[in-house]
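Peer 1: pasting the structure only:
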């Protein structure tokens, strides 16, 4: 069964460094998302992406964040200058968005630790 | 008032019990309702999705939506120790919209 994959599973970085989190959505899906979950808190929406542009972004998704779909398969989240409070699980999700098929399927996540 | 509220639990039940998990919400624009299961430090796994009001059944799981009360439920019949996880409700106004999640209810099913 197709699934969303994410790499790396765990990333440790120093404050102020840039990180790129990678996702491979399910191949025939059209909409892509990034969410994050700080330890012990709820899953929060960051950004949605369709047709090579951002559809919607949350207040969390400030100028330090960017997303890109550099080729036909990868979807990346870049944090330019990480802060301690960026430590969280980051989940990529995708949906086929065809008719009634709107379910969002999540990847296993990347645990980002900023020291 | 929070957009989506969910009792964090933990909820501890014996194997074989019927489990009821619930969420309330305040945004009347929500039309799509989902239940995810999440194991510790893993990604949310989609269990069920319901559009608008009504019931949906899948094996031991039944999802109910009551839009008039802004209340959704997930029932698990014949619960198993393998059902022990955190259950997240999530909802959106349009199918492609961002999902708004509840805090999750931690469920433990003991043998």
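Peer 2: Nice, thanks for sending it over. These numbers come from a predicted model, not from an experiment. Numbering: from 1, shown residues only, chains lettered A, B, ... in the order given.

Peer 1: run through the residues of chain A sitting next to chain B.
Peer 2: For chain A, the residues in contact with chain B (Cβ under 8 Å from any Cβ of the partner chain) are A:4, A:6, A:31, A:33, A:35, A:41-45, A:48, A:50, A:55-56, A:58, A:89, A:91, A:95, A:97, A:100, A:102-109, A:111. C-beta: built from backbone N, CA, C; applies to glycine.

Peer 1: which among these end up buried?
Peer 2: Of all these considered here, the ones buried according to neighbour count by 16 or more other Cβ atoms under 10 Å in any protein chain shown are A:4, A:6, A:31, A:33, A:35, A:42-45, A:48, A:50, A:58, A:89, A:91, A:95, A:97, A:102-109, A:111.

Peer 1: what about the strands in the chain?
Peer 2: You didn't pick a chain, so chain A it is. If you assign secondary structure with DSSP state E, the strands in chain A sit at A:5-7, A:10-13, A:19-24, A:31-37, A:43-50, A:53-57, A:65-68, A:75-79, A:88-95, A:105-106, A:110-114.

Peer 1: please go with chain B instead
Peer 2: Using DSSP E, strands in chain B cover B:4-6, B:11-14, B:19-25, B:32-38, B:45-51, B:54-58, B:61-66, B:71-76, B:85-92, B:100-101, B:105-110.

Peer 1: mean neighbour count and distance to residue A:77 for these - can I get that in a markdown table?
Peer 2: Converted to a markdown table, the strands of chain B look like this (neighbours: other Cβ atoms under 10 Å in any protein chain shown; distance: least, Cβ to Cβ, whole Å):
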| stretch | mean neighbour count | distance to residue A:77 |
| --- | --- | --- |
| strand B:4-6 | 20 | 24 |
| strand B:11-14 | 14 | 33 |
| strand B:19-25 | 20 | 28 |
| strand B:32-38 | 23 | 20 |
| strand B:45-51 | 17 | 21 |
| strand B:54-58 | 12 | 32 |
| strand B:61-66 | 18 | 31 |
| strand B:71-76 | 20 | 30 |
| strand B:85-92 | 23 | 20 |
| strand B:100-101 | 22 | 18 |
| strand B:105-110 | 17 | 28 |
